[in-house]
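In: Give me a 3D structure for the following:
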Amino acid sequence: MKQRMIPVPRLTSFVAVPLALLPCACAGGPSTASIAAQPAFVAERFFAGRLDGTGVLKIAFRAPVRTHVASVGRVAPDGTLILDQHIEQQGKPPRDRQWRIVPLGHGRYTGTLTDASGPVTGEAVGNRLHLAFRMRGGMMVDQWLTLSPDARVAQNRLIVRKLGMTVATLGETIRILP
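Out: All right, here's what the predicted structure looks like:
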């Protein structure tokens with residue numbers, strides 16, 4: 001009796017790329033171990049004034065690049081935080097963007113961002129602020145900002161996902177300037 005061999009297809013890039021990204025797809029937000037009750041993260045307090053952010057952006061299959069963000073924030077009479085940012089990213093021309101964040105009370109926020117394709121939502125719990133929004137191209141962004149004990153520095157951990165898989169991360173330190 002002769003056995004027939006069943007051909008096994010080779011992995012194509014269509015299958016191999018998602019499999020290669022699978023370990024990244026499980027990356028969640030920062031550990032909850034660094035959440036503290038105080039100081040409370042109040043976005044309109046931390047982001048009012050001049051800030052300086054430096055970080056490293058890692059996009060899948062590319063070398064990490066340095067980023068620099070100069071921000072100026074102000075609170076409008078209606079309580080809206082308006083944050084103007086000038087972004088410099090290694091290898092790209094500088095660009096500007098604007099956040100408009102509205103406090104809803106009890107640590108909740110809503111707003112807009114020029115880079116977003118829909119609304120921004122936010123929630124502060126203790127010293128941590130979580131922002132979420134959708135970008136063009138179907139990418140979802142989750143951003144966790146953790147305030148230092150002296151309330152003068154925030155660590156920013158941003159994760160960009162497409163189809164549930166992590167495609168980019170940003171680690172940034174944001175400092176309040178005098």
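In: Dihedrals phi and psi, the residue nearest the centre of the chain?
Out: Ranked by distance to the mean C-alpha position of the chain (CA atoms, centre = their mean), the top residue is Leu158 at 2.6 Å. When read as degrees, to the nearest 10, the backbone of Leu158 gives phi -120, psi 140.
In: Name all residues that make contact with the closest residue to it other than its chain neighbours.
Out: The spatial neighbour of Leu158 that comes closest, neighbours along the chain excluded (CB to CB, 6 or more residues apart in numbering), is Leu170 at 4.0 Å. Bear in mind the C-beta positions are built from the backbone N, C-alpha and C, glycine included. Applying CB atoms under 8 Å, 6 or more residues apart in numbering to Leu170 gives the contacts 55-58, 67, 156-158.
In: For the residues you listed, pick the one with the most neighbours.
Out: Tallying neighbours with other CB atoms under 10 Å puts Gly55 at the head of those, with 22 neighbours.
In: Strands of this protein, residue ranges please.
Out: 49-59, 65-75, 81-89, 95-105, 108-113, 120-125, 128-135, 139-147, 153-162, 165-176 (DSSP state E).
In: This completes my enquiry, with thanks.
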